[in-house]
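Participant: Structure here, sequence nowhere to be found:
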């Protein structure tokens, strides 16, 4: 989960209107349909990717043609930049869920029913394959009361701490869950909760946290006092924020440890058993 800018990924600004204009003769796109797409995309930008935007409900063959343009994304069609979004190494973790990988492109408003946004740049977000598949067509379904957080638009919200790892005993085999930070406002909480529920794969999250927990169990063996141990965890948290931002899984994990004094104490008390 991260606030990002498309121009930073691509090193340039994409003019979707010009791309659509250039593609129109290649795919025999009628002027009337092109005009409707441009108006709908203007609404997308105005409403920041809201799922309240009505889908155009395009008839065949246009949904399939637009999907094929996205899938092919060749230099000839002027869409080769889409691969740059998928393969970017600019960020250390997934802008959508916070995991430490991403190599797919997520259609923020899904191609079904929004076929018209299939290859338009502001609807294409770098994402890991797991959370992309988990959201599917559900997270931003038409008329859903909530929608996912948009990395290109929800800058103010995504720069805040939004989620923390909840750690439940027994600490010999703890359970880890992504939870909304108490600092998140009542107004934003339902949407943040929706985003976490729709984006974070519970099995992968548990495995990630298990690995970090195992690493801490080894590290605590080299710590002589509880004060030094708390300092080590605090440094881990500070490093995570500095390198991967406020809402990565790594940041959430170490912040969750810091705020759970029982877990901190258990790790220290059981350091000889690690």
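Facilitator: Now that the structure is in, tell me what you want to look at. Given the structure is predicted, the values throughout are model-derived calculations rather than measurements.

Participant: What are the boundaries of the strands in the stretch 1-150 of the chain?
Facilitator: Remark: strands assigned in the stretch 1-150 of the chain by DSSP state E, counting those that start in this stretch are 104-107, 124-127.

Participant: Below-threshold pLDDT in the stretch 51-200 of the chain: ranges please.
Facilitator: Applying pLDDT under 70 to the stretch 51-200 of the chain flags residues 76.

Participant: burial count for the spatially closest residue to residue 48 that is not a sequence neighbour?
Facilitator: Nearest residue to residue 48, sequence neighbours excluded (C-beta to C-beta, 6 or more residues apart in numbering): residue 153, at 3.8 Å. Quick note: C-beta positions are derived from backbone N, CA and C, even for glycine. Using other C-beta atoms under 10 Å, residue 153 has 18 other residues around it.

Participant: For residue 153, which three-state class applies?
Facilitator: coil (DSSP: H, G, I helix; E, B strand; the rest coil).

Participant: hmm, back to that, show me the one of the strands of the stretch 1-150 of the chain that comes nearest residue 209.
Facilitator: strand 124-127 (20.6 Å; C-beta to C-beta).

Participant: Note down every partner strand of that closest one and its orientation.
Facilitator: Note on strand 124-127: by DSSP bridges, its sheet partners are strand 104-107 (antiparallel).

Participant: List the buried residues in the strand it pairs with.
Facilitator: Buried residues in strand 104-107, counting neighbours by 16 or more other C-beta atoms under 10 Å, are found at 104-107.

Participant: Not counting sequence-adjacent ones, nearest residue to residue 22?
Facilitator: Nearest-residue entry for residue 22: residue 78, 5.8 Å, with adjacent residues in sequence omitted and distances by C-beta to C-beta, 6+ apart.

Participant: List the residues that contact the one you found.
Facilitator: 19, 22-23 (C-beta atoms under 8 Å, 6 or more residues apart in numbering).

Participant: buried subset of those residues?
Facilitator: Among the contacts of residue 78, those classed as buried by 16+ other C-beta under 10 Å are 19, 23.

Participant: ok so, going back, how about TSV for the strands of the stretch 1-150 of the chain, with distance to residue 136 added?
Facilitator: Shown next, in TSV, are the strands of the stretch 1-150 of the chain (distance: least, C-beta to C-beta, whole Å):
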stretch	distance to residue 136
strand 104-107	10
strand 124-127	12
